[in-house]
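A.B. asks: what shape does this take:
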Amino acid sequence: MELRFGMLMKLASFAVGVFGLFSTAAWGADPASGLKRGIVAEPPPGVRSVKIDGGYMVPYTERIPGTEVTFEMIPVPSGEFLMGSPAGEADRADDEGPQVKVKVEPFWMGKCEVTWGEYRAFMAMYDAFKKLQRLSTNAGAEVGGAAAAEDHRLIQSHAWNDKLETDWNVDAVTSPTPLYDSSFTYGVGDQPNQPAVTITDYAARQYTKWLSRVLGSNYRLPTEAEWEYAARAGTHTTWSFGNNADDLDKYAWTDGNGDGQTHPVATKQPNPWGLFDMHGNVAEWTLDEYFPDAYAKLGSGPVEAKAAVRWPTKVFPRVIRGGSWHEPAAMSRSAARQKSENNEWKLSDPNIPLSPWWYTEEPATAVGMRIMRPLQPLSAEDKKRVWEADVDDIREDVRDRLREGRGAIGVADERLPAAVEAAERLNKESK
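C.D. replies: Numbering: from 1, shown residues only. You can find the predicted model right below:
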């Protein structure tokens, strides 16, 4: 099921044309001011903005290079909130308390969950990286002058080689392998405007790294505190729309109305900050390891969101938020927590070692992701923490698969799309 760029372009066109997800006015940086992407000097009329030192954070749209696929980011203001649920909340679980006050810095949050239209652009890197690796071995051939020589240099600078193997976690990205059983993953919906699912925590991290590198930006998964802060959107109620479960159908796809599948993003009403599907549709990865007593260890606060993160020390369990079409309404509450079950979610996986990129069992068919971008750029240490494999078991599984030729790796930067195009040209010329 390797996906060619031509197919990807067709899927992208379908996604943009069908569901109008990105029809909202999007604003970039003010070219005259030299401000960053998503920051303007003066707030545009009629557009929700967040005031910061030196300007205003505004919504903006990114296009994934090499495709027509776009996604929108929404500004989230700084502030304080009570993470967790109060003792009297209906359906409250013990791991949602005691409540702790958390201070959050401003950031942008994905307006919607990452869709198959977006994730397939990343999946296409498997074929692209394999092609770069194969063509890089012919770099010394005389194939037609300066233009072809430049194409070879570009290919070599992005292809996997011995040096890259020893330094692969610095500037390289591993792409997802082709699905073992696509009927499982795609069985709940695989249209470009539906959320991508069965993605492991490691795959989600590598997606944000790849996206960041090709766009020259700083995308990552949200922390658990950041996720709940964005989901609540300034509210203190069970859901961002209130406490009445009878209103949930207007905002969320759960097991009561989900009909056993994912649904196109942004087909329900958004929360007060303009974020869609924070309740239901698919559950979403965060960066945190799951601990049932995590909040008790933090104390009453206030604590900075970055200090509240439980950085993982083992493969699982990790925190997933938001509930899904597979879960009852109670799991879509703003404070509800879910944990991953790595071994149980890969029972049918025939790979040895098990795939670092894909799950094979329910409820992984309802687990996806949403990305965020912090206002302040990521430090080198932060990038390693939020993008790379964070435990030895995952690192070894990925290395083993790469050494056996069952994975694909390449250098990801803003010139990667040009290298892929160069590979396509030389591949055609060699036939």
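A.B. asks: in stretch 338-351, what counts as buried?
C.D. replies: For stretch 338-351, the buried set under the neighbour-count rule, 16 or more other Cβ atoms under 10 Å, comprises Gln338, Ser340, Glu341, Asn342, Trp345, Lys346, Asp349, Asn351. C-betas here are computed from N, CA, C, even on glycine.
A.B. asks: take those residues and write them to a markdown table, including secondary structure, distance to Arg120 and pLDDT.
C.D. replies: Shown next, in a markdown table, are those (DSSP: H, G, I helix; E, B strand; the rest coil; distance: Cβ to Cβ, whole Å; pLDDT from 0 to 100):
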| residue | secondary structure | distance to Arg120 | pLDDT |
| --- | --- | --- | --- |
| Gln338 | strand | 26 | 98 |
| Ser340 | coil | 23 | 97 |
| Glu341 | coil | 26 | 94 |
| Asn342 | coil | 24 | 88 |
| Trp345 | helix | 22 | 96 |
| Lys346 | helix | 22 | 95 |
| Asp349 | coil | 21 | 92 |
| Asn351 | coil | 21 | 87 |
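A.B. asks: so where's the stretch 151-300 of the chain uncertain?
C.D. replies: For the stretch 151-300 of the chain, applying pLDDT under 70 flags the ranges 162-169.
A.B. asks: show me where it has strands.
C.D. replies: 172-175, 283-289 (DSSP state E, counting those that start in this stretch).
A.B. asks: go ahead and confirm Val40 touches Gly55.
C.D. replies: Yes: using Cβ atoms under 8 Å, Val40 is in contact with Gly55, at 5.9 Å.
A.B. asks: give me the pLDDT for Pro353.
C.D. replies: Pro353 carries a pLDDT value of 86.
A.B. asks: now do the phi/psi pair for the residue lying closest to it once chain neighbours are set aside.
C.D. replies: Once flanking residues are discounted, Pro353 sits nearest to Asp397: 4.2 Å by Cβ to Cβ, 6 or more residues apart in numbering. Asp397 has phi and psi values of phi -60, psi -40 when expressed as degrees, to the nearest 10.
A.B. asks: how near is Asp397 to Met57?
C.D. replies: If you measure Asp397 against Met57 using Cβ to Cβ, to the nearest Å, the figure is 38 Å.
A.B. asks: comparing those two, which shows the higher neighbour count?
C.D. replies: Met57 (25 against 22; other Cβ atoms under 10 Å).
A.B. asks: identify the spatial nearest neighbour of Trp387, chain neighbours not counted.
C.D. replies: Distances taken as Cβ to Cβ, 6+ apart place Lys209 nearest to Trp387, at 3.7 Å, with adjacent residues excluded.
A.B. asks: what sits against that neighbour?
C.D. replies: Contacts for Lys209 (Cβ atoms under 8 Å, 6 or more residues apart in numbering) come out as Val173, Lys383, Trp387, Glu388, Ala412.
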